[in-house]
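Colleague: my questions are about this predicted structure, shown below with the sequence.
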Amino acid sequence: MPEISFLLIAGLAVFLGSVVQSGVGLGLGLVAAPVVAFVEPALVPGTLLVTAAVLPMLTVRSEWQHIDWRGVAWGLPARVPGAAAGVWLVAVVDPRTLGAVVGLVVLLAVAATLWSVRVPLTPVSLITAGAASGLSGTATSIGGPPLALLYQHEPAPRVRGTLGAFFLLGTLMSLAALAIGGQLPREQVFAGLVLIPFVIAGYLAGGPVRSRVGVRGVRAALLVVVTVSGVALITRSLL
């Protein structure tokens with residue numbers, strides 16, 4: 001049974017990440033993964049992958065008509081070899097080192113977001129992003145940045161719907177890969193299930209937050225939160 005302190009700290013991070021993701025299309029993994037890895041490294045990545053499978057279901061349900069199914073068809077199959085590489089990484093890297101990897105991925109994601117290079121949506125870019133998303137998503141539970149960079153200039157409903165479809169199907173693939181590879185202990189699954197109410201609460205709270213703050217304000221807040229989390233996580237891992 002997860003400790004109360006873990007539920008409070010990780011639950012708050014999951015709630016805030018869900019609020020952000022419900023508005024901009026990603027954020028749950030970016031906000032919550034560093035916190036979960038900081039509090040209890042042994043619960044990475046399975047716990048966040050379990051919780052991350054819930055929010056995209058809600059997003060896909062509301063943004064179904066805006067999903068870019070062509071992009072999903074190109075990028076999703078490439079996640080399979082990426083997920084396999086992620087399973088290998090989980091098997092050979094100890095939790096503390098993996099925590100540093102999570103922090104590094106977060107900072108790289110922030111840097112890539114600030115350096116807004118527009119990459120065209122082509123089969124090559126979609127396949128590359130899908131493979132990168134599979135590797136990072138399986139190993140660290142943060143698989144959104146590669147795909148988000150491709151779709152960052154698209155309309156908001158299209159971004160949310162398409163990323164939701166990627167995350168839903170891709171997260172299920174990552175969980176299956178970890179389970180087959182023997183890297184998904186019951187403790188991680190149980191902790192993820194316990195955190196699901198925080199995901200639902202964050203999704204419900206995201207509606208009024210979107211109308212008041214706006215996407216630009218939420219993205220700015222996201223960059224601040226993930227930068228601080230990433231630096232703190234890397235520092236802890238190194239010390």
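Modeller: Yep, it's here.

Colleague: which residue packs closest to residue 133, ignoring adjacent ones?
Modeller: Leaving aside its chain neighbours, residue 133 sits nearest to residue 143 (4.2 Å; criterion: CB to CB, 6 or more residues apart in numbering). All C-beta spots, glycine's among them, are computed from the backbone N, C-alpha and C.

Colleague: which residues touch the one you found?
Modeller: Taking CB atoms under 8 Å, 6 or more residues apart in numbering as the criterion, residue 143 is in contact with 29, 133, 134, 136, 137, 167, 170, 171, 174.

Colleague: could you rerun that using 10 Å?
Modeller: With CB atoms under 10 Å, 6 or more residues apart in numbering as the criterion, the residues that contact residue 143 are 26, 29, 45, 49, 52, 79, 82-83, 86, 105, 129-130, 132-137, 163, 166-167, 170-171, 174.

Colleague: all the helices of the chain, in order from the start?
Modeller: Here the chain has its helices, by DSSP state H, at 4-24, 28-39, 46-52, 55-63, 69-75, 79-92, 95-114, 123-140, 145-151, 156-180, 186-194, 196-213, 215-238.

Colleague: turn those helices into CSV, columns for mean pLDDT and mean neighbour count.
Modeller: Putting those into CSV (pLDDT from 0 to 100; neighbours: other CB atoms under 10 Å) gives the following:
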stretch, mean pLDDT, mean neighbour count
helix 4-24, 88, 22
helix 28-39, 83, 27
helix 46-52, 91, 28
helix 55-63, 91, 20
helix 69-75, 95, 18
helix 79-92, 86, 19
helix 95-114, 76, 19
helix 123-140, 87, 24
helix 145-151, 81, 24
helix 156-180, 89, 22
helix 186-194, 93, 18
helix 196-213, 83, 16
helix 215-238, 70, 17
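
Colleague: ok, now which ones touch the spatially most central residue of the chain?
Modeller: The centroid of the chain falls nearest to residue 29 when counting by CA atoms, centre = their mean (3.0 Å). Contacts for residue 29 (CB under 10 Å, 6+ apart) come out as 17, 21, 36, 45, 48-49, 51-52, 55, 102, 105-106, 109, 136-137, 140-145, 167, 171, 226.

Colleague: try it again with 7 Å
Modeller: Residue 29 sits next to 48, 52, 141, 142, 143, 144 when contact means CB atoms under 7 Å, 6 or more residues apart in numbering.

Colleague: how near is the third one to residue 17?
Modeller: Counting by CB to CB, to the nearest Å, the gap between residue 141 and residue 17 amounts to 11 Å.

Colleague: before we move on, what about the first one?
Modeller: As judged by CB to CB, residue 48 and residue 17 stand 9 Å apart.

Colleague: what's the overlap in contacts for the two?
Modeller: residue 32.

Colleague: I'd say residue 175 and residue 51 touch.
Modeller: No. Contact status for residue 175 versus residue 51: not in contact, 11.1 Å apart, counting by CB atoms under 7 Å.

Colleague: and residue 155, backbone torsions?
Modeller: Main-chain dihedrals, residue 155, degrees, to the nearest 10: phi -60, psi 150.

Colleague: tell me the pLDDT of it.
Modeller: pLDDT, the model's per-residue confidence, is 80 for residue 155.

Colleague: how about it: what's its closest non-neighbour residue?
Modeller: In space, residue 155 comes closest to residue 66 once its chain neighbours are excluded; the distance is 7.5 Å by CB to CB, 6+ apart.

Colleague: what about the one you found, neighbour count?
Modeller: Each residue near residue 66 was counted by other CB atoms under 10 Å, and the total is 18.
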